[in-house]
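Peer 1: fold the following and give me the result.
(3 chains)
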Amino acid sequence: MTPTPAARIADLRRQLEDANYRYHVLDEPSIPDAEYDRLLRALDELEAAHPELVTADSPTQRVGNAPAGKFAEVRHAIPMLSLGNAFSDEEVQDFVRRIADKLKRPALRFSAEPKLDGLAISLRYENGAFVQGATRGDGATGEDVTLNLRTIKAIPLALRGTGWPAVLEVRGEVYMPRADFEKYNEHARKHGGKVLANPRNGAAGSLRQLDPRITAQRPLAFFAYGTGLVEGGELPDSHSATLKQLRGWGFPVSSLSDVVEGVDGLLGYYQRIGEARDGLPFDIDGVVYKLDDGEGQREMGFVSRAPRWAIAHKFPAQEQMTVLESIEVNVGRTGAVTPWALMQPVHVGGVTVTRATLHNADQVARLDVRNGDTVIVRRAGDVIPEVVGVVPERRPAGTVPWQMPTQCPVCGSEIVREEGEAVWRCSGELTCPAQRKESIIHFASRRAMDIEGLGERFVEDLSDLDFVQNVADLYKLTVDDLLEMKRRVDERDGTTPLALTKSGVKAGKVATKWAENLIEAIDRSRQTTLERFLFGLGIQHVGESTAKALAQWFGDLQLIRRLPWPLFKRVPDIGGEVARSLGHFLDQPGNQQAIDDLLARGVVIGDTHPPSGKLRATLDLATLLVDLEIPKVTRVRAEQLASAFPSVQALLDAPVHNFVTAGLPSDSANAFAAWLEDEANAQLLSRSGAALDDLLQLTPEEIASATGPLDGKTVVLTGGLAAMSRDEAGEKLEALGAKVAGSVSKKTHLVVAGEAAGSKLAKAQELGIEIWDEAQLLAFLEKHA
DNA sequence: GATCCTCGAGTTCA
DNA sequence: CTCGAGGATC
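Peer 2: Prediction:
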């Protein structure tokens, strides 16, 4: 008797799932790939003939074919935590000691496993069926990538065995095995497909494909390493037993997982895995230790967003050797000429590196790197490549030490160095195209005017083709200008313009949309704040925080524009150098013209307000005289002068001997008189006096800004927050009166530590500073909203 | 004048 | 993230 179609379908499915399980979970392939494909085709044909028998968990149903518009957000029922990091044996010892102290148990068992360099995900099973999968996202909310995850054969669509909870969330890592990654790229190179940068990015990029059919072609794999929500059932009360159970239910679990005891066990494991690292079929960046028993885990609990019972022990930053082809230089926004190394491509920590900064001429001299040297490259903080040193034995004969060029490679102006400074600068200022370009990029950047879509590449073209000479020109641009620019860029590069490859009106329309969007983004940026505007101007020494202070103290661009530089020193943290730099900028007619142009072309500063009340308190003649930095006129002398003369005008009119009668010793009096003889100084004093009077005229309607619960407190934010960005949190804290600083010192009153907080948190602990986790911060903000 | 904090500026790759 | 240097403080 022939079996019914339903029975044959069930049989094929069982065979296929079994083959999957043996291949991915047990790592013991049971049937050849060709046989697997044959069974799958047979099943597909049967199901096509009997559509009523198709179920969601059938092996044929892994690849959906309805590309979704975008990913939905998924809120994790239990947040996906991150782990604390250890980089040294000492830190591992500390970790173990903390647990031993708290649990009062000498012998501790740990579950240890390799830390895969992939993408963390969460899989949700209801009644044994895979229903949803999400990326980690920020830990609290991820993206729904269910359709893509279904295409990964290592992820079971239905749980095997019995006894699983009604709801089970499994956490693990999606990764791309090295060999498959190589094979995939080889194929892609031959057939003109997309070549992936490295396995990690390959895995991340594949999961974020909107079309699951593309994901299905990527060689992705999966390892489970933990669980999230569990309802209607129970898991074993130790990590190692849980992993074993997950394996039984059909999840691949790393066979390198092990249970070890005490610090020695952990360090031994670290060593073993470190030695095996290069031979492993996948990339890892360390190992993870977890306290094995559930009771101990619960007792240890969590610190901010990481468990106190687990830690990631990272391998040291990878170093590689390569050959330095040449030392080139870059010209920055301020004219700073920085050397960088152009090297033969080398793989370091997962990416191919060809360039690395050399910081400045002193650094090059310290390292004595020369063209043709074999150098050692490291990725500092696992991101930015740096040259750590040279291999002297490999130096070719006849090399000479590198020297800073004498002329700017872009504009030909002389490159000069200020006495005692480390940086060399191109003296071309705004005549140098490189400086102009960089200043426009800065102006458009997110933290300044935030012109969306106006990135480096664009500004480069706009600037090279002379569509934009300065920041004000951005607000003259039209859609037609942009299209014309694009046309000329295409012509220059010999690329075929998109509009010509397709015929008809439609293609033309598609090709103008970007220009319209960009013009719109430029338009949106017209509405801005004083802080952003000042920062955007790119004045030397005026960064974000100085711009913010200036905005708060003076409140009005027009006021700032006409103040002489000594008055800027009234603002806390602004001294002579910064004040002079700002004054110098405002003294340039070209800069004032550019500001006028910006305002004339519709830039609106929305938050103009009267000067801060704190400013008034510091406005007196004596302070002004000190701020003018007159030789031999100290605080004491300035006060004598201020009490003897009613006004600046009186000072200007007075003969020298009047300074003496005011009580000044003759050398001070003479120095002051000599200083005044310089017309520029006399004018500066006169202008400053007028500005002082001007400010004192202001009605005292503006008192020091309202007080908040954090008035006078210095707060430092570190690590990532789930509910908001660090910037947002900073703004909220500032609104409550706090000063938000960037680094921890003994002046810090409070540190807010988010997830994966690093050295700053450690320093805060060391200094005994109050530390909040995100929950405490949120509660506080809530209370004082 | 020395010392300690902070801020500014530049940086890589996808 | 890192270096250098400006500002505040003693």
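Peer 1: what mean pLDDT does stretch A:728-736 get?
Peer 2: Across stretch A:728-736, the average pLDDT comes to 76.
Peer 1: now check that stretch, is it near DNA strand B?
Peer 2: No - using C-beta under 7 Å from any atom of the strand, stretch A:728-736 never reaches DNA strand B; the gap is at least 11.0 Å. All C-beta spots, glycine's among them, are computed from the backbone N, C-alpha and C.
Peer 1: for that stretch, buried residues please.
Peer 2: A:729-730, A:732-734, A:736 (16 or more other C-beta atoms under 10 Å).
Peer 1: near DNA strand C, which residues of the stretch 451-600 of chain A? Just list them.
Peer 2: So the stretch 451-600 of chain A meets DNA strand C at A:541, A:572-579 (C-beta under 7 Å from any atom of the strand).
Peer 1: please list which of those residues are also close to DNA strand B.
Peer 2: Answer for these near DNA strand B (C-beta under 7 Å from any atom of the strand): A:541, A:573.
Peer 1: among the residues of the stretch 451-600 of chain A next to DNA strand C, which are located in helices?
Peer 2: A:576-579 (DSSP state H).
Peer 1: in a markdown table: those, plus neighbour count and pLDDT.
Peer 2: Output for those, formatted as a markdown table (neighbours: other C-beta atoms under 10 Å; pLDDT from 0 to 100):
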| residue | neighbour count | pLDDT |
| --- | --- | --- |
| A:Gly576 | 14 | 90 |
| A:Glu577 | 10 | 91 |
| A:Val578 | 22 | 92 |
| A:Ala579 | 22 | 93 |
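Peer 1: which residue ranges of the stretch 1-150 of chain A form strands?
Peer 2: Shown for the stretch 1-150 of chain A, the strands assigned by DSSP state E, counting those that start in this stretch span residues A:73-75, A:84-86, A:109-116, A:119-126, A:129-135, A:141-143.
Peer 1: winner for burial among those strands?
Peer 2: strand A:109-116 (a mean of 23; mean count of other C-beta atoms under 10 Å).
Peer 1: would you map the strands across the stretch 351-500 of chain A?
Peer 2: A:351-357, A:374-380, A:384-390, A:415-417, A:424-426.
Peer 1: and of the ones you listed, who's closest to A:Gly248?
Peer 2: strand A:351-357 (37.9 Å; C-beta to C-beta).
Peer 1: what's the weakest-modelled helix or strand in chain A?
Peer 2: helix A:498-501 (a mean of 46; mean pLDDT, DSSP states H and E).
Peer 1: neighbours of the residue lying closest to A:Val416 once chain neighbours are set aside, how many?
Peer 2: Spatial nearest neighbour of A:Val416, excluding adjacent residues (C-beta to C-beta, 6 or more residues apart in numbering): A:Ser427 at 5.3 Å. The burial count assigned to A:Ser427 is 15, neighbours taken as other C-beta atoms under 10 Å.
Peer 1: same question for the one 3 residues further on.
Peer 2: Each residue near A:Leu430 was counted by other C-beta under 10 Å, and the total is 15.
Peer 1: any idea which of the strands of the stretch 351-500 of chain A is most buried?
Peer 2: Each of these was assessed for mean neighbour count using mean count of other C-beta under 10 Å. The highest is strand A:424-426, with a mean of 24.
Peer 1: ok, that one near DNA strand C or not?
Peer 2: No - with C-beta under 7 Å from any atom of the strand as the criterion, DNA strand C is not reached by strand A:424-426; the gap is at least 10.3 Å.
Peer 1: tell me the mean pLDDT for that strand?
Peer 2: 89.
Peer 1: do the same with stretch A:693-702
Peer 2: On average, stretch A:693-702 scores 72.
Peer 1: coming back round to it: reformat the strands of the stretch 1-150 of chain A as a markdown table; add distance to A:Val603 and mean pLDDT.
Peer 2: What follows is the strands of the stretch 1-150 of chain A, written out as a markdown table (distance: least, C-beta to C-beta, whole Å; pLDDT from 0 to 100):
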| stretch | distance to A:Val603 | mean pLDDT |
| --- | --- | --- |
| strand A:73-75 | 35 | 83 |
| strand A:84-86 | 45 | 78 |
| strand A:109-116 | 49 | 92 |
| strand A:119-126 | 42 | 92 |
| strand A:129-135 | 39 | 90 |
| strand A:141-143 | 36 | 83 |
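Peer 1: among those strands, which comes closest to DNA strand C?
Peer 2: In terms of C-beta to the nearest atom of the strand, the element of those nearest to DNA strand C is strand A:84-86, at 10.6 Å.
Peer 1: and that closest one, how far from the chain's centre?
Peer 2: On the basis of C-alpha atoms, centre = their mean, to the nearest Å, strand A:84-86 sits 20 Å off its chain's mean C-alpha point.
Peer 1: again, but for stretch A:275-284
Peer 2: Taking C-alpha atoms, centre = their mean, one finds the center of stretch A:275-284 at 28 Å from the center of the full chain.
Peer 1: which bits of chain A sit near DNA strand B?
Peer 2: Counting by C-beta under 7 Å from any atom of the strand, chain A sits next to DNA strand B at A:197, A:201, A:330, A:332-336, A:338, A:340, A:351-357, A:383-385, A:438, A:540-547, A:573, A:714, A:741-748.
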